[in-house]
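Engineer: pasting the sequence and the predicted coordinates here, then a few questions.
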Amino acid sequence: MLIVDDEPWARKRIATLLKAEANIEIVGLSAGGAEAIRAIAERIPDLVFLDVQMPEVDGFDVIEAIGCERMPLVIFATAYDKYAIQAFDAQAIDYLLKPFDEERFKKALNRARKEFKEKVPSAAALQGLLERVQRAQGFLRRLMVKSGGRVLFLRAGDIDWIEASANYVTLHTGKDCHILRTTMNALEPKLDPVQFVRIHRSTIVNLDRVREMQPWFRGEQVLILKDGTQLNVGRSFRNKLFQLMGNAVS
């Protein structure tokens with residue numbers, strides 16, 4: 001069993017309550033989401049007590065990084081968050097509302113024991129939970145990418161531009177490039193349309209990175225980013241780009 005919480009008192013309380021239970025082995029205590037991802041991958045616990053609200057990498061980021069199919073059984077712990085609690089209730093997923101008492105803790109643990117014994121599938125419920133939470137939170141704040149055996153969490157605002165390639169996209173961030181397995185059509189509606197605009201069938205750009213726009217051959221336009229990158233603007237995307245950049249077009 002793994003305990004994940006950024007607050008020392010919470011980790012200590014859960015560990016103390018678990019020590020009073022039979023047939024329980026604590027394989028680790030993690031103080032953050034990135035640490036938890038490594039611990040789950042290395043130690044493969046049967047159950048994880050997972051804090052929802054953690055800085056940088058939160059509980060939902062942990063599930064996304066591990067994958068719903070590979071994620072152990074989870075008991076979530078959260079301070080009051082109406083969106084998270086509505087999502088838990090909708091998917092019939094158990095959670096502990098901080099501060100929780102011993103009786104509520106035992107109830108959640110006994111439910112997890114029963115689900116583990118009966119091999120109750122949890123992947124579909126976790127996937128439904130992630131989707132509901134993402135819808136409630138609005139546009140993507142971070143994107144998770146795998147690079148060299150590591151899991152990186154990129155702030156959406158740090159992306160300069162995005163390039164499509166079949167069922168993948170390449171995220172350009174400064175001198176670095178990161179491959180994400182998704183399509184442009186799937187990713188575009190998840191990004192803030194005030195900041196990110198599609199300028200070509202295969203290109204999305206962060207408007208904060210744009211320096212200027214210049215005419216190109218045969219009436220085409222090219223965007224020049226602050227780092228000198230040049231991106232062609234598709235004709236069918238030009239009007240929307242002008243509007244977002246504050247220009248009027250006839």
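Structural biologist: In hand now; what should we look at? Numbering: from 1, shown residues only.

Engineer: secondary structure of R135: a helix, I assume?
Structural biologist: Yes. Assigned with DSSP: H, G, I helix; E, B strand; the rest coil, R135 falls within a helix.

Engineer: can you read off the pLDDT for it?
Structural biologist: With respect to pLDDT, R135 scores 77.

Engineer: contact partners for it?
Structural biologist: R135 makes no contacts at all, as judged by Cβ atoms under 8 Å, 6 or more residues apart in numbering. C-betas here are computed from N, CA, C, even on glycine.

Engineer: center of this structure - which residue?
Structural biologist: The structure's the chain has its C-alpha centroid closest to D61; by Cα atoms, centre = their mean the separation is 4.3 Å.

Engineer: so that residue: helix, strand or coil?
Structural biologist: Assigned with three-state DSSP, D61 falls in the helix class.

Engineer: quick check: closest non-adjacent residue to it.
Structural biologist: With Cβ to Cβ, 6 or more residues apart in numbering as the criterion, D61 has its nearest non-adjacent residue at 5.4 Å, and that residue is G33.

Engineer: again, but for Q214
Structural biologist: V222 (5.5 Å).

Engineer: helix, strand or coil for that neighbour?
Structural biologist: V222 ends up strand, using three-state DSSP.

Engineer: got it, and the one 10 residues further on?
Structural biologist: On the three-state scheme (three-state DSSP), N232 is labelled strand.

Engineer: if it is in a bridge, with which residues?
Structural biologist: V222 (DSSP bridges).

Engineer: in contact with it, which residues?
Structural biologist: 199-200, 203, 216, 220-223.

Engineer: just confirm R111 is within a strand.
Structural biologist: No. Going by three-state DSSP, the assignment for R111 is helix, not a strand.

Engineer: burial check on it, number of neighbours?
Structural biologist: 14 (other Cβ atoms under 10 Å).

Engineer: so it makes contact with I93?
Structural biologist: No. In this structure, R111 is not within contact of I93 by Cβ atoms under 8 Å, at 10.2 Å.

Engineer: for K19, list the residues it contacts.
Structural biologist: By Cβ under 8 Å, 6+ apart, the residues touching K19 are I26.

Engineer: revised request: answer the last question for L152.
Structural biologist: L152 sits in contact with 144-146, 178, where contact means Cβ under 8 Å, 6+ apart.

Engineer: check A39 too.
Structural biologist: Contacts of A39 by Cβ under 8 Å, 6+ apart are 2, 4, 27-28, 30, 45.

Engineer: so, low pLDDT: which residues of this protein?
Structural biologist: Low-confidence segments of the chain, defined by pLDDT under 70, are located at 83, 218-219, 245-250.

Engineer: what about the helices in it?
Structural biologist: 8-19, 33-43, 59-66, 82-91, 102-117, 123-137, 184-187, 238-244 (DSSP state H).

Engineer: is it possible to get TSV of those that adds distance to D208?
Structural biologist: Output for the helices of the chain, formatted as TSV (distance: least, Cβ to Cβ, whole Å):
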stretch	distance to D208
helix 8-19	37
helix 33-43	26
helix 59-66	23
helix 82-91	27
helix 102-117	44
helix 123-137	21
helix 184-187	18
helix 238-244	12
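
Engineer: most tightly packed of these?
Structural biologist: helix 59-66 (a mean of 22; mean count of other Cβ atoms under 10 Å).

Engineer: helices or strands up against that helix?
Structural biologist: helix 33-43, strand 47-51, strand 73-78, helix 123-137, strand 142-147 (3 or more Cβ pairs under 8 Å, 6 or more residues apart in numbering; DSSP states H and E).
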